[in-house]
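Sequence and predicted structure are below.
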Amino acid sequence: MSTTTRRTPLYEVDFASDPHTAYRRMREKCGPLVPVDLAPGVPATLVVGYEQARRILGDPMRFPADPRAWQKTIPDTCPVLPMMEWRPNALRSAGTEHDRYRNANTAALDAVDQHALRFLVEKVAHETVSSFRHDGTADLLAQYAWPIAFRVLSTLLGCPDQLGHRIADGMAKIFDGVNATIGNQILTQAVADLIALRRHQPGNDVTTRLLSHLARLDDTEMIHQIVTLYGAGIEPLTNLITNTLLRLLTHTDFSGDLHAADASIREALDTVLYRDPPLANFCMSYPPRPVDVDGILLPADQPVVISLAACNNDPALGTSPTLGNRAHLAWGAGPHSCPARSHAYLIAETAIHHILDTLPEMDLACRPGDLIWRPGPFHRSLSTLPVVFPTTR
C-alpha cells in the first residue's frame with residue numbers, strides 16, 4: 001500500500017449514500033487493504049477482503065484491540081475518539097483482562113430468559129405500533145425500530161426510562177461522530193447513575209448480575225460494561241430492524257418469497273446482515289508493530305478496521321450468498337465476536353414479524369433513492385424510513 005495513495009474518507013455524505021460503489025472502487029484500486037480516513041486527519045486501513053479479515057480477526061496477538069498507543073496521538077476533540085478509545089471492557093482488552101470482562105458479560109446475558117424476552121418484545125411491539133396504526137403513515141425508524149430497541153434493552157438492563165433516554169442521546173452522538181465528546185459525557189454520567197441505582201436497588205436484570213459477578217467489577221469497569229452493551233444494543237439493533245424492513249419494502253421478489261413462507265424472517269435478517277450490516281465498518285485493532293499482510297506492510301499503532309459490509313460481499317467469495325447462509329462477519333469473529341447475537345436475532349425477528357402481521361399492506365412512502373443515509377464511518381443507518389398503510393379502526 002503506497003504512502004502516496006489518496007485516502008478514502010469514510011465520514012462524508014457521498015460514502016454514506018452509496019458505500020457499495022465505494023467499496024468496489026476501493027477494491028479495484030487498492031486490493032483488500034485500503035487506506036482510508038475515519039475523520040479528517042485520522043488515517044486507518046480498511047480491510048475489504050474476506051479472507052484477510054478472517055485472519056486478522058483470529059490473530060489477536062498481532063492485531064490486539066487495545067488502542068492506547070494510538071490514542072496518545074489523537075486529540076481529545078477527534079469525533080471518532082469516543083467510539084474507538086480504550087475502555088476497560090472486553091472489546092478493548094486482551095488476555096486475562098479480556099477473559100474477565102467477557103466472562104462477566106456472557107454470564108449476565110446468558111441468564112436472560114429467551115421466552116420472557118420474546119414476550120417482552122411482543123408486548124413492546126404491540127404498544128409501539130398501536131400508537132400510529134390509525135394514522136396511515138409512520139416513520140418506522142423513529143416510531144417503531146428505535147423505541148423497541150430502546151425499551152427492550154432498558155428493561156433487560158434494569159434502566160428506568162429517564163436514564164435510558166439520556167444514555168440513548170449520548171450514544172447517538174457518539175455513533176454520528178457529531179458532538180461526540182459531549183455525547184460521551186452524557187452517556188458516562190447516565191450510566192453511572194444507573195449503576196448507583198442498581199447497587200442500592202438490585203433487580204433481575206443484566207446490570208445487577210454484572211454487579212454481583214465473581215469478577216468483582218468496580219464502578220469504572222461497570223460503567224464501561226454498560227456502555228458497551230448499550231452501544232451494541234440501541235443503534236445496531238435499530239439499524240438491523242430498519243434495514244431489514246427496507247429490504248422487504250423495496251425488493252418485491254424477496255418480500256413475496258417471505259410472505260409465501262419460502263424464507264423465514266431469520267433468513268431475511270441474514271440477507272441484510274450480508275448486504276447492509278448495521279455496523280458496516282468495525283472490529284478495530286491496533287498492531288503494536290508493522291505487520292505484513294499479503295505483501296502489504298501495515299503501520300504500527302494505526303487502526304485496522306474490518307469492513308464487515310465489504311468483506312461479506314467480496315467477489316473472491318464467488319456468487320452472492322443464498323438464503324440461510326450465515327457465514328457473514330456481521331457479528332464479528334474470533335475472541336471479540338458478539339456474545340448477544342441470539343438475543344439480537346430474537347428481538348429483531350419478533351419485531352419484524354409483528355409489524356408485517358399488523359400492517360401487511362404497508363408501502364414505502366417515498367422513492368428508495370430519496371431516502372437519506374446518516375453519514376459516519378461505522379454504521380449503516382437511515383435517517384428515516386417513512387411508510388404509508390391503510391388505516392384501521
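Cool, got the structure.

Strands along the protein, start to end?
Counting by DSSP state E, the chain has strands at residues 8-9, 33-39, 42-47, 137-139, 281-285, 291-293, 296-298, 304-307, 363-364, 386-388.

Each with direction, which strands does the first one pair with?
This means strand 8-9. The pairing partners recorded for strand 8-9 under DSSP bridges are strand 33-39 (parallel).

quick check, distance from the strand it pairs with to the centre of its chain.
19 Å (CA atoms, centre = their mean, to the nearest Å).

follow-up on the earlier one: okay if I get the strands of the chain as TSV plus distance to Q162?
Placement of C-beta: from N, CA and C, glycine included. Shown next, in TSV, are these (distance: least, CB to CB, whole Å):
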stretch	distance to Q162
strand 8-9	38
strand 33-39	32
strand 42-47	35
strand 137-139	23
strand 281-285	30
strand 291-293	47
strand 296-298	45
strand 304-307	35
strand 363-364	34
strand 386-388	29
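
quick one, which of these is nearest to R341?
strand 281-285 (14.2 Å; CB to CB).

longest helix of the chain?
Assignment by DSSP state H gives helix 219-250 as the longest helix of the chain.

Specify the beta-bridge partners of H379.
Under the criterion used (DSSP bridges), H379 bridges to L279.

Could you list the low-pLDDT ranges of the stretch 51-200 of the chain?
175-178 (pLDDT under 70).

Let's see that with 90 instead.
The model of the stretch 51-200 of the chain has pLDDT under 90 over residues 76-77, 79, 82-83, 90-98, 161-162, 164-165, 167-185, 187-188.

How about the contacts made by the residue lying closest to D169 once chain neighbours are set aside?
With CB to CB, 6 or more residues apart in numbering as the criterion, D169 has its nearest non-adjacent residue at 5.9 Å, and that residue is I186. Contact analysis of I186 by CB atoms under 8 Å, 6 or more residues apart in numbering lists R166, I167, D169, G170, K173.

Check those residues against C30 and report the nearest one.
So of the contacts of I186, ranked by how close each gets to C30 (CB to CB), first place is K173, at 31.4 Å.

The closest one and Q185 touch, don't they?
No - using CB atoms under 8 Å, K173 is not in contact with Q185, being 9.6 Å away.

out of the two, which sits in the more crowded spot?
A count of neighbours by other CB atoms under 10 Å puts K173 above the other of K173 and Q185, at 21 against 14.

quick one, the longest helix of the chain and strand 281-285 angle?
In terms of direction (axes from the mean of the first three to the mean of the last three CA atoms, to 10 degrees), helix 219-250 departs from strand 281-285 by 150 degrees.

So which residue is dead centre in the protein?
P236 (3.3 Å; CA atoms, centre = their mean).

Just give me how far stretch 89-96 sits from the chain centre.
19 Å.

For it, which residues meet the burial criterion?
By 16 or more other CB atoms under 10 Å, the buried positions in stretch 89-96 come out as N89, A90, L91, R92, S93, A94.

Check stretch 63-75 too.
F63, P64, A65, D66, P67, W70, Q71, I74.

before we move on, what about stretch 307-323?
Here stretch 307-323 shows S307, L308, A309, A310, C311, N312, N313, D314, P321 as buried, counting by 16+ other CB under 10 Å.

Make CSV from these and add pLDDT and distance to H98 to it.
Below are these laid out as CSV (pLDDT from 0 to 100; distance: CB to CB, whole Å):
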residue, pLDDT, distance to H98
S307, 96, 23
L308, 94, 20
A309, 94, 26
A310, 95, 26
C311, 94, 23
N312, 92, 25
N313, 91, 30
D314, 92, 28
P321, 55, 30
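
Can you check which of the strands of the chain gets nearest to D193?
Among the strands of the chain, the nearest to D193 by CB to CB is strand 281-285 (27.7 Å).

Could you figure out how far the closest one is turned away from strand 42-47?
Interaxial angle of strand 281-285 relative to strand 42-47 (the same axes, to 10 degrees): 100 degrees.

Mind listing the strands strand 281-285 pairs with, and their directions?
Paired neighbours of strand 281-285 in the sheet (DSSP bridges): strand 304-307 (antiparallel).

Now tell me what touches the partner strand from outside.
By CB under 8 Å, 6+ apart, the list of residues contacting strand 304-307 reads 23, 36, 38, 44-48, 53, 56-57, 63, 280-287, 298, 329, 332, 377.

Good, we can wrap up now.
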